[in-house]
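Asker: I'd like to go over a predicted model; first the sequence, then the structure.
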Amino acid sequence: MKAAIVQAARALTPTVTQYWLTHPAGRPSLPAAVPGQHVTLRVGPRFKTFTVVAADEEGYELAVRNRHRGDQRDLLSPRLHVGAPVRVTAPGGHFTAESSTAFTHFVAGGVGINPILAVLAGGRLRGWRLVYVDRGQEEFPFLGRIEELAGEQGGSVVTVDTGTQGRPDWSDVVAGIPVGSTIGLCGPDAMVAAVRAAVDRAPGARYLVTDGSATRSADDTPPSVEVECVKTGITFEAAQHQPLLDALNRNGVTVPSSCRQGICGTCEVEVRTGRIDHRDEVLTEQEKAASSYMIPCVSKSMSTRLVLNV
């Protein structure tokens with residue numbers, strides 16, 4: 001990992017903060033990055049993965065949802081303040097400004113807009129259409145920039161505030177996308193699954209490209225798991241076909257979350273007992289091998305009983 005420093009930080013929305021990382025004086029430059037790639041930061045003792053929104057020879061711009069809606073705890077900025085030293089990995093990922101995919105439509109949820117912004121800012125596309133979903137009129141980071149690009153590129157943007165409008169009917173959204181279209185999709189895991197299901201159900205073929213990790217086979221995981229929550233004293237049975245994060249929240253164990261794709265680390269929980277099928281991009285290989293923590297929005301239990309310190 002390379003040494004870096006937080007050069008600047010500013011709030012984009014009540015829950016999203018923009019950070020600019022650069023190399024410390026006298027230290028080597030950060031590895032070259034393409035907007036849309038991911039980098040992993042060491043933030044104190046933990047590791048978290050974020051999307052590069054912009055980059056140049058000096059460093060990277062990141063946009064991070066660091067506070068869960070309705071939760072007053074600021075999860076990152078106490079450590080990511082201006083002047084804070086961090087360490088960062090080399091960038092990786094393929095949903096970037098250099099993408100040659102001929103996208104015609106996009107669907108973004110929350111900070112899932114970040115890689116889509118990178119693709120649009122690459123300037124290769126014309127006449128695209130975007131459905132942009134978030135919760136709260138004061139949210140929607142980068143909406144102004146997206147609208148500027150729409151004006152320049154003949155694109156169009158439809159925003160959906162789920163706080164006032166509810167969740168979109170994805171079957172209706174997909175039905176409005178012409179057969180043969182190529183759709184770029186990035187957002188919370190549940191939204192990605194719902195859009196994919198709507199595409200699968202719709203007549204005619206549409207090509208769907210997502211920014212999330214590939215789903216692994218579930219053959220080695222039990223169909224359900226008994227989950228014991230130490231701090232709250234709650235024990236319940238969780239079906240494996242649904243995200244464990246949803247099961248925790250549904251059974252009264254509140255776990256903050258953000259990306260729901262296993263790339264931000266907001267929902268990380270401590271594991272006391274259990275073997276984990278890690279499907280995230282947050283924990284290091286050593287941390288995954290130890291299975292002392294897990295990211296419940298994407299990872300699953302390989303044991304029939306799981307004990308969490310929540």
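Answerer: Received the coordinates, thanks.

Asker: What distance do you get for residue 231 to residue 252?
Answerer: Residue 231 sits 12 Å away from residue 252, going by CB to CB, to the nearest Å. No exception for glycine: its C-beta is placed from N, CA and C like everyone else's.

Asker: next one: residue 189
Answerer: Counting by CB to CB - residue 189 and residue 252 are separated by 21 Å.

Asker: Burial check on residue 295, number of neighbours?
Answerer: Other residues near residue 295 come to 28 when the count uses other CB atoms under 10 Å.

Asker: contacting residues around the closest residue to it other than its chain neighbours?
Answerer: Setting aside the residues directly before and after it, residue 295 is nearest to residue 280 in space (CB to CB, 6 or more residues apart in numbering), at 3.8 Å. Residue 280 makes contacts with 213, 262, 263, 265, 294, 295, 297, 298, 299, as judged by CB atoms under 8 Å, 6 or more residues apart in numbering.

Asker: at 7 Å instead, please
Answerer: Residue 280 makes contact with 262, 295, 298, 299 under the criterion CB atoms under 7 Å, 6 or more residues apart in numbering.

Asker: Okay, and it sits in which element?
Answerer: Assigned by DSSP states H and E, residue 280 falls within no helix or strand.

Asker: quick one: it from residue 304, how far?
Answerer: As defined by CB to CB, residue 280 lies at a distance of 22 Å from residue 304.

Asker: Helices of this protein, residue ranges please.
Answerer: Secondary structure of the chain, counting by DSSP state H: helices at 113-121, 143-153, 162-165, 170-175, 189-201, 244-250, 285-290.

Asker: low-confidence ranges in the protein?
Answerer: The model of the chain has pLDDT under 70 over residues 43-47, 66-79, 93-94, 211-221, 281, 285-286.

Asker: Point to the residue nearest the middle of it.
Answerer: For the chain, the residue sitting closest to the mean C-alpha position, by CA atoms, centre = their mean, is residue 259 at 3.3 Å.

Asker: Quick check, that residue in contact with residue 111.
Answerer: Yes - here residue 259 reaches residue 111: they are 6.1 Å apart, a contact under CB atoms under 7 Å.

Asker: Around the residue lying closest to residue 149 once chain neighbours are set aside, how many other residues sit close by?
Answerer: Take residue 149 and drop its neighbours on the chain: the residue closest to it by CB to CB, 6+ apart is residue 120, 4.9 Å away. By the criterion of other CB under 10 Å, residue 120 has 28 neighbours.

Asker: measure residue 120 to residue 243 for me?
Answerer: Distance, residue 120 to residue 243, by CB to CB: 29 Å.

Asker: Then residue 292?
Answerer: From residue 292 to residue 243 the distance is 20 Å (CB to CB).

Asker: higher neighbour count, the two?
Answerer: Counted by other CB under 10 Å, residue 292 and residue 243 do not tie: residue 243 has more neighbours, with 22 against 13.

Asker: List phi and psi for the nearest residue to the more buried one once chain neighbours are set aside.
Answerer: Closest residue in space to residue 243, ignoring its immediate chain neighbours: residue 297 at 5.5 Å, by CB to CB, 6+ apart. Backbone geometry at residue 297, expressed as degrees, to the nearest 10, gives phi -70, psi -30.

Asker: Could you do the one 5 residues further on as well?
Answerer: Its backbone dihedrals place residue 302 at phi -100, psi 0, with angles given as degrees, to the nearest 10.
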